[in-house]
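1. The sequence isn't on hand, but the structure is:
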DNA sequence: AGGCAGGTGGCCA
DNA sequence: TGGCCACCTGCC
């Protein structure tokens, strides 16, 4: 008898394509989804949950859950933000006056921003400094295996910040975190001393939360914006990374602009859902590079 | 073999 | 503010 439930349909008012689902789950927002060739599905881990997702033949999205974890369907619906008005959000972006944005929106129909657990988003993006997605995933996987709770045989949650605080910097370095280990350890110690801090930041307005986040060791503007966008549903957060700098130079002729100026441009040009728009142009550029290499 | 990768913080003009 | 550099590690 299988430990997983039967495949059940997810109610999607704003459908994915197969490529967009892959981009959403494994395109640099989240680092804990893997495609299982044998099961032909995506398997992901967040909080204390595990779920599987795949398309059916008639192009509806199906999910399956461990039978031992009855609340997972609700948690997945929240994680994927099934209730959010994504179609309206896309329409509100300035695609009518921005041909490049229009192209990117059409290239990834259904792309959405996940609502990851905020503490996990902070941790994952602390690992992201000068690393590519596959390597960030390896770091997260090693932290989970070594320090996190085992949810199913061989499947581990990311460590909580308390669990991280209990580890030494040397322990963390041994997981291949490199210079990020020091930042993670120092941040873990601060968060252990202020147990309410992350939930306060998550529920604060964007600007307030960002100011508090960048005061933590190893968290600058970019990582703060990623954590707020992908872990706190602050869709106005506009991460300025090396990719976006290149995109804005190449597609908008903003050569020589500083990151602060580009951040300002993003907020003004794309509007209150600037981070949502950012994800489309980021994905578009990444896909183009992948297809060229 | 050496440079670079979804950055940050420190130091100096 | 703006530029430069060290910082771990692994992959091209």
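-> That came through, no problem. Computed from a predicted structure; not experimentally measured.
2. okay, the closest residue to residue A:28 other than its chain neighbours: pLDDT?
-> The spatial neighbour of residue A:28 that comes closest, neighbours along the chain excluded (C-beta to C-beta, 6 or more residues apart in numbering), is residue A:133 at 5.2 Å. C-beta here means a position set from N, CA and C on the backbone, and glycine is covered the same way. In the predicted model, residue A:133 carries a pLDDT score of 96.
3. and residue A:133, how many residues sit next to it?
-> 15 (other C-beta atoms under 10 Å).
4. Report the separation between it and DNA strand B.
-> Distance from residue A:133 to DNA strand B, counting by C-beta to the nearest atom of the strand, to the nearest Å: 6 Å.
5. Please look at that residue and residue A:30 and confirm they touch.
-> No. Using C-beta atoms under 8 Å as the test, residue A:133 is too far from residue A:30 to be in contact (9.9 Å).
6. State the number of residues packed around residue A:90.
-> 19.
7. Could you double-check that it lies in contact with residue A:105?
-> Yes. With contact defined as C-beta under 8 Å, residue A:90 counts as touching residue A:105 (6.1 Å).
8. DNA strand C contacts on the stretch 51-200 of chain A?
-> A:130, A:134, A:135, A:173, A:176, A:178, A:179, A:180, A:182 (C-beta under 7 Å from any atom of the strand).
9. make it 6 Å
-> A:130, A:173, A:176, A:178, A:179 (C-beta under 6 Å from any atom of the strand).
10. Show me which of the residues you listed are buried.
-> residue A:173 (16 or more other C-beta atoms under 10 Å).
11. Relative to DNA strand C, which of the residues of the stretch 51-200 of chain A next to DNA strand C is nearest.
-> Distance to DNA strand C, by C-beta to the nearest atom of the strand, is smallest for residue A:178 among these, at 2.3 Å.
12. all strands of chain A, in order?
-> A:8-9, A:33-36, A:41-46, A:49-55, A:61-64, A:150-152, A:155-156 (DSSP state E).
13. re earlier: ok, now how distant is the residue nearest to residue A:28 from residue A:125?
-> 12 Å (C-beta to C-beta, to the nearest Å).
14. so what's in contact with the two at the same time?
-> When C-beta atoms under 8 Å, 6 or more residues apart in numbering defines a contact, no residue borders residue A:133 and residue A:125 alike.
15. show me where the stretch 1-150 of chain A has helices.
-> Per DSSP state H, counting those that start in this stretch, the stretch 1-150 of chain A carries helices over the ranges A:18-26, A:72-79, A:86-92, A:99-107, A:118-126, A:133-147.
16. among those helices, which is the most enclosed?
-> helix A:118-126 (a mean of 24; mean count of other C-beta atoms under 10 Å).
17. any bit of that helix sitting next to DNA strand B?
-> No. Applying C-beta under 6 Å from any atom of the strand, one finds helix A:118-126 separated from DNA strand B by no less than 7.7 Å.
18. What lies in contact with that helix?
-> A:30-32, A:46-47, A:116, A:136, A:140, A:143, A:158-161, A:164, A:180, A:183-184, A:187, A:191, A:198-199, A:201-202, A:213, A:216, A:218-219, A:223, A:226-227, A:230-232.
19. Give me the distance between residue A:175 and DNA strand B.
-> 16 Å.
20. Now find how far off-centre stretch A:149-159 is within its chain.
-> Between the centre of stretch A:149-159 and the centre of its host chain there is 19 Å, according to C-alpha atoms, centre = their mean, to the nearest Å.
21. Just the buried positions in it, please.
-> Applying 16+ other C-beta under 10 Å to stretch A:149-159 flags A:151, A:156, A:157, A:158, A:159 as buried.
22. I'd guessed the second one sits against residue A:140; true?
-> No. When contacts are counted by C-beta under 8 Å, residue A:156 is not listed as touching residue A:140 (10.1 Å).
23. ok, now how distant is residue A:116 from DNA strand B?
-> 12 Å.
24. okay, now the residue in the stretch 1-150 of chain A that DNA strand B sits nearest to: neighbour count?
-> Minimum separation of the stretch 1-150 of chain A from DNA strand B (C-beta to the nearest atom of the strand) falls at residue A:28, amounting to 2.3 Å. Residue A:28 has 19 neighbours, counted by other C-beta under 10 Å.
25. And it, how close does it get to residue A:15?
-> From residue A:28 to residue A:15 the distance is 22 Å (C-beta to C-beta).
26. can you check residue A:72 too?
-> Applying C-beta to C-beta to residue A:72 and residue A:15 gives a distance of 22 Å.
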